[in-house]
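K.L.:
A predicted structure for the sequence below; I have some questions about it.
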Amino acid sequence: MADGLLIADTDLVIDFLRGADPGTSLIGEWLQSDRLRLTAITAFELRLGADFFARHASIDAILTRRTLPLDALGALLAGEAYSDLTSRGEGIGLRDALIAGVCRRFDLPLATRNVRHFERVAGLRLVAV
């Protein structure tokens, strides 16, 4: 893959925090090359985690200066994806729709292990891991 920016899905960030691959090696590489971006939704999901307080410093270090916001355009794009998939009977979780909306809003690919889930979102570029 090219050396451009990308957004990591929460699953890879959790791998990284727990020292498990593929997240550990990939997130480490993307941090070092300053390619890594995250969404505000990932920040939310990490805060929900049972081990948030034990990993608070590590989580803050990853999120700082790398987190993209959910703004009005991103929310509208997320709503479009959610509505489209729901109308076809292919529901997607709200958080995943919001992550997809942020990715589309900033025109950045999403790196995820969950390609089969996200590939249904029109206009979303994916990096399979």
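P.N.:
All right, it came through fine.

K.L.:
Number of residues surrounding Glu80?
P.N.:
Neighbourhood size, Glu80 [other CB atoms under 10 Å]: 17. Where you see a C-beta, it was placed from the backbone N, CA and C, and this is true even at glycine.

K.L.:
now the strands for the chain?
P.N.:
Assignment of strands within the chain using DSSP state E yields the ranges 6-8, 36-39, 67-68, 110-112, 126-128.

K.L.:
what pairs with the third one, and is each one parallel or antiparallel?
P.N.:
Using DSSP bridges, the strands paired with strand 67-68 are strand 36-39 (parallel).

K.L.:
For the strand it pairs with, give the mean pLDDT please.
P.N.:
For strand 36-39, mean pLDDT rounds to 98.

K.L.:
hang on, the earlier thing: will you turn the strands of the chain into JSON lines that also has distance to Ile14?
P.N.:
As requested, these are exported to JSON lines (distance: least, CB to CB, whole Å):
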{"stretch": "strand 6-8", "distance to Ile14": "10"}
{"stretch": "strand 36-39", "distance to Ile14": "12"}
{"stretch": "strand 67-68", "distance to Ile14": "16"}
{"stretch": "strand 110-112", "distance to Ile14": "12"}
{"stretch": "strand 126-128", "distance to Ile14": "17"}
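
K.L.:
Of those strands, which is nearest Gly79?
P.N.:
Each of the strands of the chain has some distance to Gly79 by CB to CB; the shortest is strand 36-39, at 15.4 Å.

K.L.:
picking that back up, so for Ile92, which of the strands of the chain sits nearest?
P.N.:
strand 110-112 (12.8 Å).
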